[in-house]
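A.B. asks: Sequence first, predicted coordinates after that:
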Amino acid sequence: MDLFSIIRVLHIIGGFTALLTFWIPVVTRKGGRAHKIAGWVYVWGMIIVALSALYMGIYRLFDPASTNEVISFSLFLIYISILSGSTAYYGIRVLRFKGRRAVHKQLLDLGFPLLLLISSGAVSVYGFLQNLQLLAWFPFLGIFLSGTQLKYWLRKPDRKLHWWFEHLGGMLGCSIATITAFTVFGAPRLMNIESVSILLWFLPTILLTPAIIGFSIYYDRKFNRKKVISG
């Protein structure tokens, strides 16, 4: 077995690990043992997914035998690597600096969302030029998430448990990348289907983006509601 095949197997293992565990931290008690263990298993699964996707994407991208279809697939792999890596890293780093009171300008914490923003724009432009709907529209999720991350780091925290909301959003954003990649590539191959509807490709984004917004609104009202002073 050559190196590329080994990396592909690791990619599949990491992907299925993340796919099977991403929901556990969402439904278990926040900060509890199950939440922490499942969360770290998910993060390490996503680290494997991101690094392996990056390797395979670059390898195929510079392979002289690659067709236009393979090149497009490789670009999507590289983009998924950046999206999943950036959001997972963000979800962890906001916990690391949950006590901050000022603007945060550490290079890596700003660099990852900037990379995500630039790559989102580049992949989207490529998708429109090549008339590839997935590559054209899916990166708008990355533009939204990278903008949210940059806004958080470059502003002083102005609400209670600010880090909690960002951690939730980062991890759910990362799960969108996981499920989308499985929907686009994994599920059709497992079920021996040549192609699926483009609506199915965007279904994780359609369902989970409102969930991120909804969770944020719900818990913002719960944790930050103003106390009513009785007269």
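C.D. replies: In hand now; what should we look at?
A.B. asks: ok, now which ones touch Leu149?
C.D. replies: Heads up, residue 149 is Gln, not Leu. For Gln149, the contacting residues are 86, 90, 112-113, 116, 166, 170, by C-beta atoms under 8 Å, 6 or more residues apart in numbering. In short, each C-beta sits where N, CA and C put it, glycine included.
A.B. asks: which residues sit against stretch 96-112?
C.D. replies: So stretch 96-112 is in contact with 85-86, 89-90, 93, 149-150, 153-157, 162-164, going by C-beta under 8 Å, 6+ apart.
A.B. asks: Ends of that stretch, what's the gap?
C.D. replies: This stretch, stretch 96-112, spans 16 Å end to end (C-alpha to C-alpha, to the nearest Å).
A.B. asks: Offset the numbering so it begins at 28, please.
C.D. replies: OK, 28 is where the count begins now, so the last one is stretch 123-139.
A.B. asks: what two of the contacts of Gln176 are the furthest from one another?
C.D. replies: Greatest spacing in the contacts of Gln176, by C-beta to C-beta: Leu143 and Glu193 (14.8 Å).
A.B. asks: quick revisit: could you redo the contacts of Gln176 as TSV and give each row pLDDT?
C.D. replies: Below are the contacts of Gln176 laid out as TSV (pLDDT from 0 to 100):
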residue	pLDDT
Ser113	93
Tyr117	94
Phe139	94
Pro140	95
Leu143	95
Glu193	87
Gly197	86
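A.B. asks: and the gap between Val103 and Ile75?
C.D. replies: One correction, residue 103 is Phe, not Val. Distance, Phe103 to Ile75, using C-beta to C-beta, to the nearest Å: 18 Å.
A.B. asks: In three-state terms, label Asp185 for me.
C.D. replies: coil (DSSP: H, G, I helix; E, B strand; the rest coil).
A.B. asks: give me phi/psi at it?
C.D. replies: Main-chain dihedrals, Asp185, degrees, to the nearest 10: phi -130, psi 20.
A.B. asks: For it, give its distance to Tyr179.
C.D. replies: According to C-beta to C-beta, Asp185 and Tyr179 sit 11 Å apart.
A.B. asks: if you count what's nearby, which of those two comes out ahead?
C.D. replies: Using other C-beta atoms under 10 Å, the more surrounded residue of Asp185 and Tyr179 is Tyr179, with 20 against 7.
A.B. asks: list the buried ones in the helix or strand the more buried one falls within?
C.D. replies: In this assignment (DSSP states H and E), Tyr179 forms part of helix 166-180. By 16 or more other C-beta atoms under 10 Å, the buried positions in helix 166-180 come out as 166, 168-169, 171-173, 175-177, 179-180.
A.B. asks: And stretch 136-147, by the same measure?
C.D. replies: Those would be 136, 139-140, 143-144, 146-147, for stretch 136-147 by 16+ other C-beta under 10 Å.
A.B. asks: All good on my end, thank you.
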